[in-house]
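[1] Build me a model from this:
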Amino acid sequence: METELYQQKGAALLARLNRIPVWALPKNFLVIIGLGYFFTFYDISNIGFAMPAINEQFHLSNSTSLFLALSVGLIGYIIGSFVIGTLADRFGRYKMLILTFALTAVGSFGDALAPDITTLIIFRFLTGVGVGADLNLVSTYISELAPTSRRGRITLLTFLIGILGQTITPFVALALVPNYIIGWRLLFAIGGFIAVAGLILRVRLPESPRWEVHHGRMESAEKTIALMETNCTNRHIELPAPDLNKVNFIQAMPIRLLLKPTYLRRLIILICMWFLWYIGNYGFLGDAADLITAQGTGMGSSIAYLAVGAIGYPLGTLLVLRIVDRIERKTLIFLTTVVWLAGMLLVGSYAGIYALYSGSFLASLALGSYLQVAYTYTAEVFPTQARATGFALSDGLGHAGGALGAILLPVIISHTSFFTGFAFIGLTGLLAGIIALAGPKTTGIDLEKVSS
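    Numbers count the residues shown, from 1 in each chain. Take a look at the predicted model:
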């Protein structure tokens, strides 16, 4: 009888949550959440721009520095996403969101102060642990709080704040790295201050009520949901009666159920999608500045090509903002990979400055369009009880492709040609989009229905 009453109460709370049609928490919470994305994309980009200066000061070969400083960070990303993501499914999103920004702050300041490559390796790993987990948790958290009908739009608005990190990083790098001997250190230190600011602001966030319901914390969940309902009333938004028929409430689900046929298939699709996407993503972000410089272009000019092209990041996000809840998300993912391929072919052609500017812009446009749609999609297809773990396995294991791509792209170019290398990472991106089409539909569907 107790179990039945527990399930009925949980279902009633989820039905109340699912009927809320707008973002019903303070709007500045979206900015606070978006700051997590901002740091993530700032950090993903800054290592690539810092690498030429690090190579010079630490007397490293390109292959050594890429493996030690970039790929080690990605290994940390994979471990952090899985370990902390799993802990978030057990102990809650809030506590882990605080932990991840503490880790990234320490890691970033350690990167900035590193006296040698060994120390840099250690702190790049630590930063990677925090960044990998944070990206997982932010995507999971916002998906669980956003209303069904606007889930894509709200996550994209949050992501828009974050993608500005990837947009401004090249300009900050252009001002610092070529002009100051400690320019690359300042680049990392700025990331540390961003992480500290985010950590201070995050203490205001509530726990995910959806997670609380599935873990028996009904009173706390009810308080948050009641606050959201009150905010709707204050905004003169009339709420429909809760519909219990739309809720499929299940008690806490063990992680091993992710290996059941329905979730295992989704897991395989998403791991393959992210693996192929990250081959090109990290190959481009981590290697492009170095590789263009190696073609005979000055370091400042190489960064400038990527900096101007980076304007495409927020434009790509804005481009899909109005259609993300109207067109099926997996279809949007595929369309963005077509744009990515076009960008890589233009960069690879090395046919003058306009080809490089245009290719960089299209690649950034595709990244800005793809990433949050794909992050949202990944978080949607798994049940609340194992959402962070499912995201961690998909995106975390997918990042092995990023470590591979960062090493593989220079090797392909050295053994074939500049064009072949960039055409290759363009095609791996397109394959990611094709694989995404095999996933389930999620647009406009309640999370409990998607994961049932």
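[2] which intervals of this protein have sub-threshold pLDDT?
    Applying pLDDT under 70 to the chain flags residues 1-3, 6, 62-71, 246-254, 286-287, 289-291, 293-294, 296-306, 452.
[3] Now do the same contact list for the closest residue to residue 434 other than its chain neighbours.
    Leaving out its chain neighbours, the residue that sits closest to residue 434 by Cβ to Cβ, 6 or more residues apart in numbering is residue 334, at 6.6 Å. To be clear about C-beta, it is placed using only N, CA and C from the backbone, and glycine gets the same treatment. Listed by Cβ atoms under 8 Å, 6 or more residues apart in numbering, the contact set of residue 334 reads 433-434, 436-437.
[4] which element is residue 334 on?
    According to DSSP states H and E, residue 334 maps onto helix 329-349.
[5] Name the residues of that helix that come out as buried.
    Buried residues in helix 329-349, defined by neighbour count with 16 or more other Cβ atoms under 10 Å: 329-337, 339-349.
[6] Same question for stretch 125-133.
    125-133.
[7] now, which of these lie within helices?
    125-133 (DSSP state H).
[8] could these go into JSON lines alongside distance to residue 100?
    Putting these into JSON lines (distance: Cβ to Cβ, whole Å) gives the following:
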{"residue": "125", "distance to residue 100": "14"}
{"residue": "126", "distance to residue 100": "11"}
{"residue": "127", "distance to residue 100": "11"}
{"residue": "128", "distance to residue 100": "11"}
{"residue": "129", "distance to residue 100": "8"}
{"residue": "130", "distance to residue 100": "5"}
{"residue": "131", "distance to residue 100": "8"}
{"residue": "132", "distance to residue 100": "9"}
{"residue": "133", "distance to residue 100": "5"}
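[9] just those residues now: which is nearest residue 74?
    Residue 74 has its nearest neighbour among these in residue 128, at 6.2 Å by Cβ to Cβ.
[10] Leaving out chain neighbours, which residue sits closest to the closest one?
    Distances taken as Cβ to Cβ, 6+ apart place residue 76 nearest to residue 128, at 2.7 Å, with adjacent residues excluded.
[11] ok, residue 333 touching residue 431?
    No. Here residue 333 does not reach residue 431: they are 11.9 Å apart, not a contact under Cβ atoms under 8 Å.
[12] What degree of burial does residue 80 show, as a neighbour count?
    28 (other Cβ atoms under 10 Å).
[13] For it, give me its contacts.
    With contact taken as Cβ under 8 Å, 6+ apart, residue 80 is in contact with 100, 103, 128-133, 396.
[14] Show me which of those residues is closest to residue 360.
    Among the contacts of residue 80, residue 131 lies closest to residue 360 (Cβ to Cβ), at 23.1 Å.
[15] State the number of residues packed around residue 387.
    31.
[16] How about it, nearest residue that isn't a chain neighbour?
    Nearest non-adjacent residue to residue 387 (Cβ to Cβ, 6+ apart): residue 140, at 5.1 Å.
[17] quick one, what contacts the one you found?
    With Cβ under 8 Å, 6+ apart, residue 140 has these contacts: 85, 88, 93, 208, 379, 387-388, 391.
[18] ok, 6 Å please
    Applying Cβ atoms under 6 Å, 6 or more residues apart in numbering, we find residue 140 in contact with 379, 387-388, 391.
[19] For these, which two are the farthest from each other?
    That would be 379 and 388, which, of the contacts of residue 140, are the farthest apart (Cβ to Cβ) at 8.4 Å.
[20] Settle it for me: which of the two has more neighbours?
    residue 388 (32 against 27).
[21] Could you report the separation of that one from residue 136?
    From residue 388 over to residue 136 the distance is 6 Å, taken as Cβ to Cβ, to the nearest Å.
[22] Mutual contacts of those two, please.
    With Cβ under 6 Å, 6+ apart as the test, residue 388 and residue 136 both reach residue 85.
[23] CA atoms only: put stretch 181-190 into PDB for me.
    Taking Å, rounded to 0.1, in the frame of the first residue of the first chain, the C-alpha atoms of stretch 181-190 are listed here in PDB:
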ATOM      1  CA  ILE A 181      54.900  35.700 -23.100                       C
ATOM      2  CA  ILE A 182      52.400  34.900 -20.400                       C
ATOM      3  CA  GLY A 183      49.400  35.400 -22.800                       C
ATOM      4  CA  TRP A 184      48.500  31.700 -22.800                       C
ATOM      5  CA  ARG A 185      48.600  31.700 -18.900                       C
ATOM      6  CA  LEU A 186      46.300  34.700 -18.800                       C
ATOM      7  CA  LEU A 187      43.900  32.900 -21.100                       C
ATOM      8  CA  PHE A 188      43.600  30.000 -18.600                       C
ATOM      9  CA  ALA A 189      43.400  32.400 -15.600                       C
ATOM     10  CA  ILE A 190      40.400  34.100 -17.100                       C
END
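[24] Could you check it and say which residues are buried?
    In stretch 181-190, counting by 16+ other Cβ under 10 Å, buried: 183-190.
[25] and what of stretch 431-451?
    Here stretch 431-451 shows 431-433, 435-436, 439-440, 442-443, 445-448, 450-451 as buried, counting by 16+ other Cβ under 10 Å.
[26] now do stretch 368-376
    Across stretch 368-376, burial judged by 16+ other Cβ under 10 Å covers 368-376.
[27] all strands for the stretch 301-450 of the chain, in order.
    Counting by DSSP state E, counting those that start in this stretch, no segments of the stretch 301-450 of the chain form strands.
[28] Which stretches in it count as helices?
    According to DSSP state H, counting those that start in this stretch, the stretch 301-450 of the chain carries its helices in the segments 312-321, 329-349, 353-380, 387-391, 397-415, 418-436, 447-450.
[29] got a markdown table for those helices, with distance to residue 32 too?
    Output for the helices of the stretch 301-450 of the chain, formatted as a markdown table (distance: least, Cβ to Cβ, whole Å):
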| stretch | distance to residue 32 |
| --- | --- |
| helix 312-321 | 18 |
| helix 329-349 | 25 |
| helix 353-380 | 17 |
| helix 387-391 | 19 |
| helix 397-415 | 25 |
| helix 418-436 | 30 |
| helix 447-450 | 22 |
